[in-house]
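**Student:** Sequence and predicted structure, then a few things I'm wondering about:
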Amino acid sequence: SGAGPGSGPGSGPWAATACVVTGASRGFGRSLARLLAPQLGPGSVLLLLARSAEALAELAAELRAGSATGSASGSASGSATGSATGSASGSATGSAGLRVQCVAADLGCEEGLRTAGAALRELLQDASFGRLLLVNNAGSLGDVSKSFLDLTDLEEINTYFSFNISSALCLTSTALRAFGARPGCSRTVVNISSLCAREPFRSWALYCAGKAARDMLFQVLALEEPGLRVLNYAPGPLDTDMQLLARTKTGDPGMRQHFQRLQENGQLIESSVSAQKLLQLLQEDSFPSGAHVDFYDI
């Protein structure tokens, strides 16, 4: 049971949908949440997950007020600190009865991951949902001032991969186990990927490795679970805080200049524009499960 090509969310309202977006407090995740909210019909819940409780509360209030326009100022989707953090959750009711639930948790630490997992299990045990959409967006660039040979600190490396790989794997498996394979229900999992999953970038060893690993994890998921719809979506070079880090902190001079030129030549993509492309992919639902689709492919 599950959706095949053409039987996914479609272009109409997505009734009774459990929609989860990680890294939702800013950047691409925030833009995507603004676009998804109007698509979610009666009986739906939009669960927003990020580290910042305040930013999540602001977004939930905006969605509740029905002011989601799809426009958003760009910023990074998340960062790994490894520090333990508290958690908070809340909910708000938006237009057309949409419930918005916020979970503040640091996915880079075990406490935060437990908090997020518990929230997913509690939400997804609701048998009234006929559709699941999980968007794994949370991620960080890492210390791009360092070359491969500078990466000698095991704790730094493990912390990076824990946040950028392990948490996405754990949250996805937790969500899918909680939701189950319900007859006639649609389940879609999106991994926010990157060109760096396919090509090496100097000074970006951790980021490239993390993105490549995530792509492969979700390709394996697509093979193991043919009833799922799985998409690796590369959103392109976004005009976010992450890009600001790329053009100011990247250790390799040539790479740093490359990112500076993208910005100077107006080649960076607004988060809302790329999020709209992803929404289009989800509505058309014709991608091969497990595929890597780039912004420029559409």
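**Tutor:** The structure has been received and is ready for your questions. Numbers count the residues shown, from 1 in each chain.

**Student:** When you work out contacts or count neighbours from here on, use the C-alpha atoms and nothing else.
**Tutor:** Will do.

**Student:** For the stretch 101-250 of the chain, which segments are assigned as helices?
**Tutor:** Counting by DSSP state H, counting those that start in this stretch, one finds helices in the stretch 101-250 of the chain at the ranges 110-124, 154-161, 167-179, 205-224, 241-249.

**Student:** Check which residues of the shortest one are buried.
**Tutor:** Right, helix 154-161. Neighbour-count burial for helix 154-161, counted by 16 or more other Cα atoms under 10 Å, picks out Glu156, Thr159, Tyr160, Phe161.

**Student:** packing partners for that helix?
**Tutor:** helix 205-224 (3 or more Cα pairs under 8 Å, 6 or more residues apart in numbering; DSSP states H and E).

**Student:** The helix it packs on vs helix 167-179, what angle?
**Tutor:** Helix 205-224 runs at 20 degrees relative to helix 167-179, counting by axes from the mean of the first three to the mean of the last three Cα atoms, to 10 degrees.

**Student:** shaky segments in this structure?
**Tutor:** Applying pLDDT under 70 to the chain flags the ranges 1-12, 67-97.

**Student:** quick one, phi psi at the residue minimising distance to the centre of it?
**Tutor:** Nearest residue to the geometric centre of the chain (Cα atoms, centre = their mean): Asn137, 1.5 Å. Here is the backbone geometry of Asn137 (degrees, to the nearest 10): phi -110, psi -30.

**Student:** so what's the nearest residue to Arg229 once chain neighbours are set aside up against?
**Tutor:** The shortest distance from Arg229 to any non-neighbouring residue, by Cα to Cα, 6 or more residues apart in numbering, is to Thr188 (4.6 Å). By Cα atoms under 8 Å, 6 or more residues apart in numbering, the contact list for Thr188 reads Gly8, Leu132, Leu133, Leu134, Leu228, Arg229, Val230, Leu231.

**Student:** go again using 7 Å as the cut-off
**Tutor:** Leu132, Leu133, Leu134, Leu228, Arg229, Val230 (Cα atoms under 7 Å, 6 or more residues apart in numbering).

**Student:** Sort out for me which of these are in strands.
**Tutor:** Leu132, Leu133, Leu134, Arg229, Val230 (DSSP state E).

**Student:** could you flag which of those residues are buried?
**Tutor:** Buried among the ones in strands among the contacts of Thr188 by 16+ other Cα under 10 Å: Leu132, Leu133, Leu134, Arg229, Val230.

**Student:** before we move on, back to that, now for the helices of the stretch 101-250 of the chain, which one comes closest to Ser31?
**Tutor:** helix 241-249 (13.9 Å; Cα to Cα).

**Student:** and the residue nearest to Arg229, bridged to which residues?
**Tutor:** Beta-bridge pairing for Thr188 (DSSP bridges): Leu133, Arg229.

**Student:** change the start of the numbering to 28 and stick with it
**Tutor:** Taking 28 as the first residue, the last one we looked at is Thr215.

**Student:** Let me know the distance separating it from Gly317.
**Tutor:** 11 Å (Cα to Cα, to the nearest Å).

**Student:** Check Gln284 too.
**Tutor:** From Gln284 to Gly317 the distance is 33 Å (Cα to Cα).
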